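Visitor: Quick one, fold the following:
(one chain, ligands or ions: 1)
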Amino acid sequence: MYQPRPEHKFTFGLWTVGNIGRDPFGEAVRERLEPDYVVYRLAELGAYGVNLHDEDLIPRGTPPAEREAILRRFKKALQDTGLKVPMVTANLFSDPAFKDGALTSPDPWVRAYALKKSLETLDLGAELGAQIYVVWPGREGAEVDATGKAPRVWAWFREALDFMAEYAEEQGYNYRFALEPKPNEPRGDIYLPTVGSMLALIGTLKHPHRFGLNPEFAHETMAGLNFVHAVAQALEMGKLFHIDLNDQRMSRFDQDLRFGSENLKAAFFLVDLLEASGYDGPRHFDAHALRTEDEAGVWAFARGCMRTYLILKEKAQAFRADPEVKALLEAYYQADPEPLALLGAYSREKAQRLKQLELPEACRSRGYALEQLDQLAVEHLLGVRG
Ligand SMILES: [Mn+2]
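Guide: Down below sits the predicted model:
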C-alpha cells in the first residue's frame, strides 16, 4: 500500500535529498552525497527521476577529465536503475558574481556569464535526456531601489529567455522552459514574485509556447497566496510544465518542508486538482530533510513525501466518489437554463435582454452548503469516511 513506483512520476533534486543542512546561522550537519549514490537510493525508494542544477553534478571549477569521470559514473547509475533526468536548471545564485543578479545583473559581463552558464546547462541536460528546463530567478531581485533598475530588468530577463529558447531550437533540443516565481529569499524582493507575474511575462516573450510555469507550494505560501488557485490558473492556461511540491508555514523563511507536513488540507486539494487535471509531468519534491536529521532521516523524508502524496490521492478519490459529496456538488452547480442563455459570448440581443433581467430573490437567500461540503473533506482527511 502506498508504495511509490516509477509510473507515479515522483522526482527529487540532487540538491534536495543531497541537502547538507547548512542555514544562515549554522554549518553543514550532513556529508555531501555522491550523485550516483543518490540515484541508486532514489531508485530503491521507487522514484521516477532525479533533477539537478549544473553544479549539483559538476561543481564549479571541476577539471575536464574529472567532469567526464563524474558524468560516466552518473550515467551508469541512471542506466543501472532506469531513473530519468526529466529536468535540469542552471545554478544562477551561488557564485559571488551573481550577488546583484545573474541574468539581470547591472554588469553585462555577469549577464553574459549567466547566459553562457545557461547554454551549457541546456547542453548538459540534453546529454542526460532532460526535456524540462527550469529558470528560477532567485538573485534577480533587489534590496535597494535607488538604482532605478526595476523598470530595466524585464527587458534583460526577456532577452535572456528568448536567447535560450532560440539556442535550444537551433540545437534541436526538445525543451519546455518552466519559470519558477518566488517572492523573496535570497533577495529582499525578487522581481517575479508570483505565478501571476510569471504568467504575465510569458505573454511578452518571442516564443511563448515554449514557456510555462514551475510553481512551488512554499513560494506562493510565503507570499500568503493560495497555491491551489495558482496551479489551477497555470493548468487552465496550459502552462503547468513542472511543479515543485513541498510545504511551508506562511510568513516564514523558505522552509522547504516535507510534502503535506504543514498544510494538509491544501496538499489534499492540490493532489485532488493535479490528479483530476490530466497533468502528466513529474511530481517533483523540492524540499529537504530537517537540519536535525542524519542520512536515515533524509530517506525517511523522501519516502514520506511520496507516501503522503499517494495517501492523499486515495483520499481525494474517495472524497470525489462519496455520494453525499456528489449530491452537494450537484446542488451547488445546479443551473437554471434561463440565465445561462444570457451569458457567454457577446451579442447585442443578449445585452438588451440582460438590461431587463430581474434577479430572483432566492439568489439572495440561498445557502451554498459549503459548511457541509468542507466538513466532509475534513472527515475524509481525518480518516473517518471512505
Ligand atoms: Mn523550487
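Visitor: Determine the set of other helices and strands touching the longest helix anywhere in the chain.
Guide: If you go by DSSP state H, the chain has its longest helix at helix 295-321. If contacts are counted by 3 or more CB pairs under 8 Å, 6 or more residues apart in numbering; DSSP states H and E, helix 295-321 sits against strand 10-13, helix 14-17, helix 35-45, helix 264-277, strand 283-285, helix 370-381. The C-beta positions use only the backbone N, C-alpha and C, and glycine is treated the same way.
Visitor: and Trp109, which of those is closest to it?
Guide: helix 14-17 (26.5 Å; CB to CB).
Visitor: In terms of residue numbering, what are the domains of the chain?
Guide: Per automatic domain parsing, the domain ranges recorded for the chain read 6-320, 322-381.
Visitor: So which of those domains is the most surrounded?
Guide: Comparing the domains of the chain by mean neighbour count (mean count of other CB atoms under 10 Å), domain 6-320 comes out on top with a mean of 19.
Visitor: Span of that one from start to end?
Guide: Taking CA to CA, to the nearest Å as the measure, domain 6-320 stretches 25 Å from start to finish.
Visitor: can you tell if it touches the ion?
Guide: Yes - residues of domain 6-320 contacting the ion under CB under 5 Å from the ion: Glu216, Asp244, Asp286.
Visitor: what about that domain, average pLDDT?
Guide: Taken as a whole, domain 6-320 carries a mean pLDDT of 98.
Visitor: ok now it, how far from the chain's centre?
Guide: Mean C-alpha position of domain 6-320 versus that of the full chain (CA atoms, centre = their mean, to the nearest Å) differs by 7 Å.
Visitor: Report the separation between whatever residue of the stretch 251-386 of the chain ends up closest to the ion and Arg348.
Guide: Closest residue of the stretch 251-386 of the chain to the ion, CB to the ion: Asp286 (3.7 Å). Between Asp286 and Arg348 the distance, using CB to CB, to the nearest Å, works out to 51 Å.
Visitor: quick one, phi psi at the residue nearest to Gly18 when sequence neighbours are not counted?
Guide: Closest residue to Gly18 apart from its sequence neighbours, by CB to CB, 6 or more residues apart in numbering: Leu33 at 4.8 Å. Dihedral angles of Leu33 (phi, psi; degrees, to the nearest 10) stand at phi -100, psi 140.
Visitor: Roughly how far does Leu33 sit from the ion?
Guide: Distance of Leu33 to the ion, given as CB to the ion, to the nearest Å: 19 Å.
Visitor: right, and that residue touches Asn19 too?
Guide: No - applying CB atoms under 8 Å as the test, Leu33 and Asn19 come out as separate, 9.3 Å apart.
Visitor: partners of the closest residue to Pro282 other than its chain neighbours in the sheet?
Guide: Nearest residue to Pro282, sequence neighbours excluded (CB to CB, 6+ apart): Thr11, at 4.4 Å. Beta-bridge pairing for Thr11 (DSSP bridges): Gly49, His284.
Visitor: wait, Thr11 sits on His284?
Guide: Yes - the pair Thr11 / His284 is scored as a contact, 4.6 Å apart, by CB under 8 Å.
Visitor: From start to finish, how long is stretch 58-66 in a straight line?
Guide: The first and last residues of stretch 58-66 sit 9 Å apart, counting by CA to CA.
Visitor: contact partners of it?
Guide: The contact list for stretch 58-66 (CB atoms under 8 Å, 6 or more residues apart in numbering) reads Arg67, Ile70, Leu71, Ser94, Asp95, Leu124.
Visitor: run the last query once more with 6 Å
Guide: Residues outside stretch 58-66 that contact it (CB atoms under 6 Å, 6 or more residues apart in numbering) are Arg67, Ile70.
Visitor: Restrict stretch 125-145 to CA atoms and write it as PDB.
Guide: Output of stretch 125-145 as PDB, limited to C-alpha atoms (Å, rounded to 0.1, in the frame of the first residue of the first chain):
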ATOM      1  CA  GLY A 125      20.600  18.400 -19.700                       C
ATOM      2  CA  ALA A 126      20.200  17.400 -23.400                       C
ATOM      3  CA  GLU A 127      23.000  14.900 -22.900                       C
ATOM      4  CA  LEU A 128      21.100  13.400 -19.900                       C
ATOM      5  CA  GLY A 129      17.700  13.300 -21.700                       C
ATOM      6  CA  ALA A 130      16.100  16.200 -19.900                       C
ATOM      7  CA  GLN A 131      13.100  17.900 -21.500                       C
ATOM      8  CA  ILE A 132      12.200  20.500 -18.900                       C
ATOM      9  CA  TYR A 133      14.500  23.400 -18.200                       C
ATOM     10  CA  VAL A 134      13.600  25.400 -15.100                       C
ATOM     11  CA  VAL A 135      14.600  29.000 -14.700                       C
ATOM     12  CA  TRP A 136      14.500  30.300 -11.100                       C
ATOM     13  CA  PRO A 137      15.400  33.900 -10.900                       C
ATOM     14  CA  GLY A 138      16.400  33.800  -7.200                       C
ATOM     15  CA  ARG A 139      19.100  36.500  -7.500                       C
ATOM     16  CA  GLU A 140      17.000  38.600  -9.900                       C
ATOM     17  CA  GLY A 141      15.800  41.000  -7.300                       C
ATOM     18  CA  ALA A 142      16.900  43.900  -5.100                       C
ATOM     19  CA  GLU A 143      17.200  45.300  -1.600                       C
ATOM     20  CA  VAL A 144      17.800  48.800  -2.900                       C
ATOM     21  CA  ASP A 145      15.500  50.600  -5.300                       C
END
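Visitor: which SS class is the closest residue to Asp23 other than its chain neighbours?
Guide: Spatial nearest neighbour of Asp23, excluding adjacent residues (CB to CB, 6+ apart): Arg291 at 6.3 Å. The three-state label given to Arg291 by DSSP: H, G, I helix; E, B strand; the rest coil is coil.
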